[in-house]
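Trainee: Can you look at this prediction? I've put the sequence above it.
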There are 4 protein chains.
Amino acid sequence: MDKQYFRQISQQTLKNPIFVQGLPGFGNVGKIAAYLLVKFCGAKPFAELYSPSFPDYVSANSKGICRLPRYEFYAAHMEKNDFLIMTGDTQPSFDDVRAHYEICGEILDFVEEKHCNLIITMGGVPITEEKAQVYVAATSSRLALEFMEKGAVIYSRGRIVGATGLMLGLAKERSLEGVCLLGTTTGFKADRGAGFSVFKFLTKAFGNEVKEGL
Amino acid sequence: MDKQYFRQISQQTLKNPIFVQGLPGFGNVGKIAAYLLVKFCGAKPFAELYSPSFPDYVSANSKGICRLPRYEFYAAHMEKNDFLIMTGDTQPSFDDVRAHYEICGEILDFVEEKHCNLIITMGGVPITEEKAQVYVAATSSRLALEFMEKGAVIYSRGRIVGATGLMLGLAKERSLEGVCLLGTTTGFKADRGAGFSVFKFLTKAFGNEVKEGL
Amino acid sequence: MDKQYFRQISQQTLKNPIFVQGLPGFGNVGKIAAYLLVKFCGAKPFAELYSPSFPDYVSANSKGICRLPRYEFYAAHMEKNDFLIMTGDTQPSFDDVRAHYEICGEILDFVEEKHCNLIITMGGVPITEEKAQVYVAATSSRLALEFMEKGAVIYSRGRIVGATGLMLGLAKERSLEGVCLLGTTTGFKADRGAGFSVFKFLTKAFGNEVKEGL
Amino acid sequence: MDKQYFRQISQQTLKNPIFVQGLPGFGNVGKIAAYLLVKFCGAKPFAELYSPSFPDYVSANSKGICRLPRYEFYAAHMEKNDFLIMTGDTQPSFDDVRAHYEICGEILDFVEEKHCNLIITMGGVPITEEKAQVYVAATSSRLALEFMEKGAVIYSRGRIVGATGLMLGLAKERSLEGVCLLGTTTGFKADRGAGFSVFKFLTKAFGNEVKEGL
């Protein structure tokens, strides 16, 4: 395999789709939030992305069947805006910065082709004292304020690393609009609470109330 | 040298060949098993693969003659299925993940060209308590079960790293079938016992009984 | 994003421009000196450079608006020579040496296109005892002596690492002339004093006296 | 700079030239031996090689004039065989294995173009007890024996890392003949004694006696 490639899993026609991304990372917040969103929306597998910049292993499932690491895209048909949700097993190797730019670029090509009019990335942000909050950064001041009014806190403290930040920066370079939602988390272990906070904020922001018992 | 290349060593016509790979790795299990198979089958040198992603050294033999690190392919003519056996001095640099994907892809091109109908990779799997076993993971549930019936244990515990796993994942992406046989080993030093277990399992699975005194 | 690219911010006609570069690095001396020069000259934003070899993060400002790391070019219209000033958020990853050569090469293409007749790079140089000085290294003996007469000390102690040195070496390969001005600094933290020394030396060398109270 | 390139310094017609390489490395033996050979033969600067895989610094000389790291080629006109001698400031980054293969390949293209009929690489080999010796490894058994008869010891202990070994391995792949001469050294600091031993062995092997007082 020389280059990344997409494999189409199903045909789906998306209406006014919003792209939502949650990958493994700090506290695994983004991935957990994306997983909850896929379940909540009953999203269907749509496409997969494979790349020679992903790590060189396969994962075996309970039946001993193995597969390459990949990104997965799910399509969810909602009342207002459809969702195109992306999650995955991994991020490219820490050292291979150029691969990060290339893969995010390929995904944005795909996202533009599907006519997504908003990019939402989800991740975790480290805090020292425990206080559950969702921070927002955006490609424009208007969008940052819009999500602040919905209850998020403006993220004005510096950097957002990895695909969570890079997708937004590269989207802006293409004049696409986007926001990044960051759940506060204290540790490196998977933080289901922070993932749930981001998921809940997102669904509420787009007009769906989540019951606490989920 | 800009790109990897194959050098043909001899002309061999293979009947229904099975591709078997054993490279250096955990406990050197894969390489030892491949070496034993080459000896057992009286396999003949067939081709060599050189790559700019292999380490930058030469090895001098007892006469002071030096050569580049390489992968070696051997052809074995058997009763039922012929074997195309691959082993080698090394794996690409740990850091150069992209090279792993590229080289495995080139090998699969070669393997498809030779009409191999099954891919078998061999390696080691770390265990804490000593118990000699051969684990199996596969590209399909049918194959995993078939090798389980022959005495292997389903490998359902996660990842298979390096070429041992990657070849299988990439084979699956091309709709090729394959299995990975993993011998249990406790340490990092060369584990001849584990290598022998995998070799013995493999030969028995394909209808050749190995005498213990080998 | 596969390749670095320039984005033009404004149209500026430069007369006999001198290219001046100050990037983050040892003691942040180069970046601080460039920043002071931009302020002192009232330089205007001119162009930006983005690259897939820059780190994979975005920076959020006080309003939560985020952007990719970049190099920034400013144009300053002066009495004698105009300045084309470059500064930036970062340098390419330490490991990706090839990217350093490529990006410096792209910048030199840009600088030649703008008819800059002199390249000045600014940086810090580590010292053990505190003594504020500006060292000079150059592409020719004539230039080194010219700046020595203006008060700099010849830098004859070995290497100049990163873009500060590489730009000069690559400029020389193109038969462009250039000097490197290095402010002495004792530590790794941002050294405003050393940055100011380099800035003051530079402005004086080109006929502008800086008042101490700046 | 995107690619390595050669710069011709002078025109030289070489008769039956032998290529001799000594680069920085273990004990700096190869570089010292090449330096002594250049001085002994009165060799003249012939060409330079620049590469984006060399480290990203410039070196300033005593006059503050700086230049990029490079490989240097010298031509020596001798009674029997002329020498094309290569030395340099550096080797490519340890991590960038692919660059090692590429640069060695480019040099071999250059060496073949100049009709060199033998490749000699010089380096150091670590030993624990001090015993000055020159080891030899070669592309063929005949050559190894030929240099053994001249007083070298067959190197049959494994690997020769970096350009010293790689040039020989790649030369062999092109059906060029070559030998590697390794001086024993105990430490990592520059070992002038070992460098002198390799130099003295080489000149004697090609019919020039070196007086001890050099």
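Mentor: Thanks, I have the structure now.

Trainee: What is the neighbour count of residue A:202?
Mentor: 27 (other CB atoms under 10 Å in any protein chain shown). C-betas here are computed from N, CA, C, even on glycine.

Trainee: In three-state terms, label it for me.
Mentor: Applying DSSP: H, G, I helix; E, B strand; the rest coil to residue A:202 yields a three-state assignment of helix.

Trainee: The nearest residue to it once chain neighbours are set aside: what secondary structure?
Mentor: Leaving aside its chain neighbours, residue A:202 sits nearest to residue A:181 (6.3 Å; criterion: CB to CB, 6 or more residues apart in numbering or on different chains). Taking three-state DSSP as the rule, one finds residue A:181 in the strand state.

Trainee: burial measure for residue A:181, as a count.
Mentor: The number of residues near residue A:181, taken as other CB under 10 Å, comes to 29.

Trainee: How about residue A:201?
Mentor: Neighbours of residue A:201 (other CB under 10 Å): 22.

Trainee: need the contact list for it.
Mentor: With contact set as CB atoms under 8 Å, 6 or more residues apart in numbering or on different chains, residue A:201 has these partners: A:134, A:150, A:151, A:152, A:181.

Trainee: hmm, 6 Å instead?
Mentor: Contact analysis of residue A:201 by CB atoms under 6 Å, 6 or more residues apart in numbering or on different chains lists residue A:134.

Trainee: Let me see the confidence value for it.
Mentor: Predicted confidence (pLDDT) for residue A:201: 94.

Trainee: From residue A:16, how far out is it?
Mentor: Plainly put, residue A:201 is 20 Å away from residue A:16 if you go by CB to CB, to the nearest Å.

Trainee: can I assume the residue nearest to residue A:202 is in contact with residue A:198?
Mentor: Yes: counting by CB atoms under 6 Å, residue A:198 is a contact partner of residue A:181 at 5.2 Å.

Trainee: Now for the two: what residues contact both?
Mentor: Both residue A:181 and residue A:198 are contacted by A:122, A:134, under the criterion CB under 6 Å, 6+ apart.

Trainee: most residues in a single helix of chain A, which one?
Mentor: In terms of residue count, the longest helix belonging to chain A (DSSP state H) is helix A:97-113.

Trainee: So what's the gap between that one and the chain middle?
Mentor: 13 Å (CA atoms, centre = their mean, to the nearest Å).

Trainee: right, and the helix or strand after that helix?
Mentor: strand A:118-126 (DSSP states H and E).

Trainee: does any part of that following strand sit near chain C?
Mentor: No: using CB under 6 Å from any CB of the partner chain, strand A:118-126 stays clear of chain C, with a minimum separation of 10.0 Å.

Trainee: Tell me the helix or strand right after that strand.
Mentor: Counting by DSSP H and E, what follows strand A:118-126 is strand A:134-138.

Trainee: helices and strands around that following strand, which ones?
Mentor: helix A:141-149, strand A:178-185, helix A:192-205 (3 or more CB pairs under 6 Å, 6 or more residues apart in numbering or on different chains; DSSP states H and E).

Trainee: Let's see the pLDDT reported for residue A:121.
Mentor: Residue A:121 is given a pLDDT of 98.
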